[in-house]
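>>> A structural model of the following input is requested.
(4 chains)
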Number of protein chains: 2
Amino acid sequence: MEIDEILECFHPLPPQSRAALKAYITEVQFPKGHTLIRAGRVEKTLYFIRSGIVRAYSDGARGDVTFWFGKEGDLVVSMKSYVSGQPGYEHIETLEACDLYQMRAQDLEGLFAGDIHIANWGRKLIGQELIKTEERLISMQFKTAQERYLDLMSAAPDLLQRVQLCHIASFLGITQVSLSRIRAEIR
Amino acid sequence: MEIDEILECFHPLPPQSRAALKAYITEVQFPKGHTLIRAGRVEKTLYFIRSGIVRAYSDGARGDVTFWFGKEGDLVVSMKSYVSGQPGYEHIETLEACDLYQMRAQDLEGLFAGDIHIANWGRKLIGQELIKTEERLISMQFKTAQERYLDLMSAAPDLLQRVQLCHIASFLGITQVSLSRIRAEIR
DNA sequence: GCCCGTTTTTATCATTTGTAAAATTTTTTG
DNA sequence: CAAAAAATTTTACAAATGATAAAAACGGGC
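Residues are numbered from 1 along each chain as shown, chains lettered A, B, ... in the order given. Okay, here's the model as predicted:
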């Protein structure tokens, strides 16, 4: 997914503002298994995924728990670091070789302060992220694990092919054994 | 909580911009049990809570499920309506007599387009909401119901006095019976 | 202070989910 | 292609949670 398409899909930007944004964006590659963001740090870099898959996870009482997958076109950022300047609680690692667009949070901050179109673009971008997070929270509270699995299957069937089931299970809030049971029932 | 304090606590605003915002804000009162926001509609009003408590809920397979409580200083809005212009999925009702600051989404939109300070204030505001939602999602995935109850007790002890336990239980993602068991264990 | 309706707790049993370990399948590597 | 490693499924049992019903506690109005 090319950078112009990614930037536009959140909110339209005047060509001049888009050019200003792009001036601060560079492209980077990382192999599978690379850690982009570390928990407990104030992370100062944002990424957009050109290609590949990443996951955000945190160390709980029972091993690591994945709470987000990012794929093509998605924004990758330690939200807590970025929004509040405090250490984040998630690690983010690549699950495949990834091609990313990279940007420094500080540069983005400068653009927000000086360009009202970029400020409103950023506002919309955060809003979209909020909706997604809210939807996940509601699905955790309202739906059974089986429903959440079926939802994931229809929303992102490719994920099931590309990601290990232990990560899918913790993402769904269940153990791998429970996920196996669900998969067996559906078959 | 007075309006100036509420507006400032998200992000500082120049006096001129704050005055521009306040020009569109009116104060309203509602009795206990009043519905502020209805699911399935595109809601066009935002509120800040001056005093009182509200809850957001949605109708699931097993009755209504509360997924958010709002109290003094909090923003009350149908996020999906506000961010994407689509019908929201939550009802929001007052659990006590409430004193609210009211604003039309359309007016706010106009301010965002014309005042960069307000646009960046709005961006920060949404960011704060995102962090809160993300924290709740993580606590749902990482913690047991008992841990979530203890967290709620220390974060918002007044809520337990002011809100029915059936709402607390569904907020925690468990039945009222389970919540009673947890409360009995702790005692 | 007492009554009535509501809210909360308790008790019982059925169901779901978790834990641990073994068996199976798939993937990687030489 | 075969052996080894990793990932996934299955099994058996234990623990946690849910459903239902009934009892107890609480609160507002008179």
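>>> count of neighbours near A:Glu27?
11 (other C-beta atoms under 10 Å in any protein chain shown). Where C-beta positions appear, they are placed from N, C-alpha and C, glycine not excepted.
>>> which residues does it contact?
A:Arg50, A:Asp99, A:Leu100, A:Tyr101, A:Gln102 (C-beta atoms under 8 Å, 6 or more residues apart in numbering or on different chains).
>>> Next: A:Asp158.
Per C-beta under 8 Å, 6+ apart, neighbours of A:Asp158: A:Lys71.
>>> Model confidence at it, what's the number?
A:Asp158 is assigned a pLDDT of 93 by the prediction.
>>> anything in the host helix or strand of it near DNA strand C?
Using DSSP states H and E, A:Asp158 sits within helix A:157-162. No: figure legend: helix A:157-162 not in contact with DNA strand C (C-beta under 7 Å from any atom of the strand); closest approach 9.0 Å.
>>> Ramachandran coordinates for the most centrally placed residue in chain A?
Centroid-nearest residue in chain A, with C-alpha atoms, centre = their mean: A:Gly70, separated by 3.8 Å. Dihedral pair for A:Gly70: phi -110, psi 140, per degrees, to the nearest 10.
>>> Same question for A:Val28.
A:Val28 has phi and psi values of phi -140, psi 150 when expressed as degrees, to the nearest 10.
>>> Which residues does it form beta bridges with?
Going by DSSP bridges, A:Val28 is paired in beta bridges with A:Leu100.
>>> What count of nearby residues applies to it?
For A:Val28, the count of nearby residues is 13 (other C-beta under 10 Å).
>>> Pull the contacting residues for it.
A:Tyr47, A:Asp99, A:Leu100, A:Tyr101, A:Gln102.
>>> how distant is the longest helix along chain A from the center of its chain?
Identified as the longest helix of chain A according to DSSP state H is helix A:116-142. Mean-position distance between helix A:116-142 and its chain equals 12 Å (C-alpha atoms, centre = their mean, to the nearest Å).
>>> Give the bridge partners for the residue nearest to the centre of chain A, please.
Here A:Gly70 sits in beta bridges with A:Val54, going by DSSP bridges.
>>> Now do the same for it: its pLDDT.
Looking at A:Gly70, the pLDDT reads 96.
>>> follow-up on the earlier one: rounded mean pLDDT for the longest helix of chain A, please.
95.
>>> which other helices and strands contact that helix?
helix A:15-22, helix A:105-114, helix A:145-155, strand B:54-60, strand B:63-70, helix B:79-84, helix B:105-114, helix B:116-142 (3 or more C-beta pairs under 8 Å, 6 or more residues apart in numbering or on different chains; DSSP states H and E).
>>> Let's test this: mean pLDDT of stretch A:55-64, rounded?
85.
>>> Check the offset of the helix holding A:Asp158 from the chain's centre.
16 Å.
>>> Starting from it, tell me the next helix or strand along the chain.
helix A:165-172.
>>> That next one and DNA strand C, any residue contact?
No: judged by C-beta under 7 Å from any atom of the strand, helix A:165-172 and DNA strand C are separated, with a smallest distance of 8.1 Å.
>>> for chain B, what are the nearby residues on chain A?
A:58, A:60-61, A:65, A:67, A:79-80, A:82-84, A:89, A:112-113, A:115-116, A:119-120, A:122-124, A:126-131, A:133-134, A:136-138, A:140-142, A:170, A:173 (C-beta under 8 Å from any C-beta of the partner chain).
>>> And the buried ones among those, selectable in PyMOL?
The PyMOL selection below is limited to those of the residues of chain A next to chain B classed as buried (16 or more other C-beta atoms under 10 Å in any protein chain shown):
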select buried, chain A and resi 58+65+67+79+80+82+83+89+112+115+116+119+120+122+123+124+126+127+128+129+130+131+133+134+136+137+138+140+141+142+170+173
